[in-house]
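Engineer: Can you look at this prediction? I've put the sequence above it.
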Amino acid sequence: MNKSDGDSDRVPSALHQVNKRSAEYIVRSGLAGGVAGSCAKTLIAPLDRIKILFQTSNPHYLKYSGSMKGLVLAGRHIWLNDGLRGFFQGHSATLIRIFPYAAIKFIAYEQIRHILIPSREYETHWRRLVSGSLAGLCSVFVTYPLDLIRVRLAYVTDHRRIKIWPVVRKIFHEQASDSLASKPYVPSWFAHWCNFYRGFTPTIIGMIPYAGVSFFAHDLCGDILRSPLIAPFSVLDVSDAELSMHSKGSGSRPLKTWAELIAGGLAGMASQTAAYPFEIIRRRQQVSAVSPTSDHNFQTIPEMFKIVYKERGWRGFFVGLSIGYIKITPMVACSFFVYERMKWYLGI
């Protein structure tokens, strides 16, 4: 490799090959995924806070939504009222959630992909898409309550310091879904526990295109960047001995830094577009119990669709999408880049 490629494109040799079904591989891929997710979320935490305030129609920030200028003004509002800490409100809950979420997502993807695509001849666009979708479903089911807590923390805009446990207790004691509370055979504690899964159904519906398109687009961009015409500029020049087991198993050589970032960024934009309307519904359901514009009753997906459409028309389903693009491009790019490099460092 030429020295001009820079130290950032140098990759350490793999320690040793590991069976993908082994506990060692699962632990290492989970660690790589957790670190990747934490780095990515920390990178875009300020934008994430603003996006949640826009998506949930927070009355203090409605006047800023819908334009890039509004994004800047909303950031200025947060800075003047809460300082730097305001941009990271709820971020501790984010990190508690994102490490297991990303770890489970990447573990599930590697394992499901290995089952559906055991070798190159089994590799199809459909199998790639299904692998990503199932991985996303696994991760979101386990970590969704933490995401709800994070959104509640980010939604609050007064100046008091918000702690996690009071928010947890408040969510638990909120009015349960009528469909559960009205059934005599459903225990009261279970109905209230389901409060932590407000907005879960649109999340599941949205996760199918989001995770599926994300992994599919990343793999597809990787294929294009590894094509014979582009590969001399985008692929690292490493020996066979330096290839990780993942690269050997897929027949793919690792991408250079810029190429990996482009593949991840494009994957993020594609997945965000596919799943964004469902994210709007999910956020609105998550804060419906505390929003001053809500009647505080649990709304179903069709009811929430009607509310959003009545308030802002079809544009309401894409409020904050421009911020989403600005946020998702570096986030997914960082996530895939750190994950792939971590796999090298961990020898998998």
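Structural biologist: Ah, there it is.

Engineer: check contacts around the residue nearest to Ile328 when sequence neighbours are not counted.
Structural biologist: Among residues not flanking Ile328 along the chain, Gly268 sits closest, at 4.0 Å (CB to CB, 6 or more residues apart in numbering). All C-beta atoms are positioned from the backbone trio N, CA, C, and that covers glycine. With contact set as CB atoms under 8 Å, 6 or more residues apart in numbering, Gly268 has these partners: Ser214, Ile328, Thr329, Met331, Val332, Ala333.

Engineer: Pass me the low-pLDDT residue ranges in this structure, would you?
Structural biologist: Applying pLDDT under 70 to the chain flags the ranges 1-18, 57, 59, 66-67, 156-162, 177-182, 185-186, 239-251, 288-299.

Engineer: Please repeat the previous calculation with a cut-off of 50.
Structural biologist: For the chain, the stretches with pLDDT under 50 are 1-7, 12-16, 245-246, 248-249.

Engineer: Okay, helices next: where are they in the stretch 151-300 of the chain?
Structural biologist: With helices called from DSSP state H, counting those that start in this stretch, the stretch 151-300 of the chain shows them at 164-173, 178-181, 188-193, 200-225, 231-234, 245-250, 257-286.

Engineer: helices or strands up against the helix or strand following the last one?
Structural biologist: On the C-terminal side of helix 257-286, the closest following helix or strand by DSSP states H and E is helix 301-312. Under the contact definition 3 or more CB pairs under 8 Å, 6 or more residues apart in numbering; DSSP states H and E, helix 301-312 sits against helix 200-225, helix 257-286.

Engineer: what angle do the last one and helix 200-225 make?
Structural biologist: For helix 257-286 against helix 200-225, the angle between stretch directions is 170 degrees (axes from the mean of the first three to the mean of the last three CA atoms, to 10 degrees).

Engineer: Most neighbours among the contacts of Gly268, please name it.
Structural biologist: Scoring those on neighbours with other CB atoms under 10 Å, the highest-scoring entry is Ser214 at 30 neighbours.

Engineer: Could you find the closest non-adjacent residue to it?
Structural biologist: The nearest residue in space to Ser214 (CB to CB, 6+ apart) is Ser271, at 3.8 Å.

Engineer: For the one you found, give me its contacts.
Structural biologist: Counting by CB under 8 Å, 6+ apart, Ser271 has contacts Pro209, Tyr210, Ala211, Gly212, Val213, Ser214, Ala217, Ile328, Val332.

Engineer: repeat that for 7 Å
Structural biologist: Tyr210, Val213, Ser214, Ala217 (CB atoms under 7 Å, 6 or more residues apart in numbering).

Engineer: Spit out the contact partners of the nearest residue to Ser65 once chain neighbours are set aside.
Structural biologist: Excluding the flanking residues, the one nearest Ser65 by CB to CB, 6+ apart is Phe54, at 4.4 Å. Contacts for Phe54 were tallied using CB under 7 Å, 6+ apart; they are Tyr61, Ser65, Val319, Gly320, Ile323.

Engineer: quick one: the fourth one and Lys51 touch, right?
Structural biologist: Read it as Gly320. Yes: counting by CB atoms under 7 Å, Lys51 is a contact partner of Gly320 at 4.9 Å.

Engineer: picking up where we left off before, switch the helices of the stretch 151-300 of the chain over to TSV; also include distance to Lys310.
Structural biologist: Formatted as TSV, the helices of the stretch 151-300 of the chain follow (distance: least, CB to CB, whole Å):
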stretch	distance to Lys310
helix 164-173	27
helix 178-181	21
helix 188-193	29
helix 200-225	17
helix 231-234	48
helix 245-250	48
helix 257-286	12
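
Engineer: Indicate which one of the ones you listed is closest to Ala154.
Structural biologist: Checking these against Ala154 by CB to CB gives helix 257-286 as the closest, at 9.9 Å.

Engineer: Report the angle between the closest one and helix 164-173.
Structural biologist: Using the same axes, to 10 degrees: helix 257-286 against helix 164-173 is 50 degrees.

Engineer: what's the offset of stretch 341-348 from the middle of its chain?
Structural biologist: Stretch 341-348 sits 21 Å away from the centroid of its parent chain (CA atoms, centre = their mean, to the nearest Å).

Engineer: Next, the buried residues of stretch 340-348.
Structural biologist: Neighbour-count burial for stretch 340-348, counted by 16 or more other CB atoms under 10 Å, picks out Glu340, Arg341, Met342, Lys343, Trp344, Tyr345, Leu346, Gly347, Ile348.
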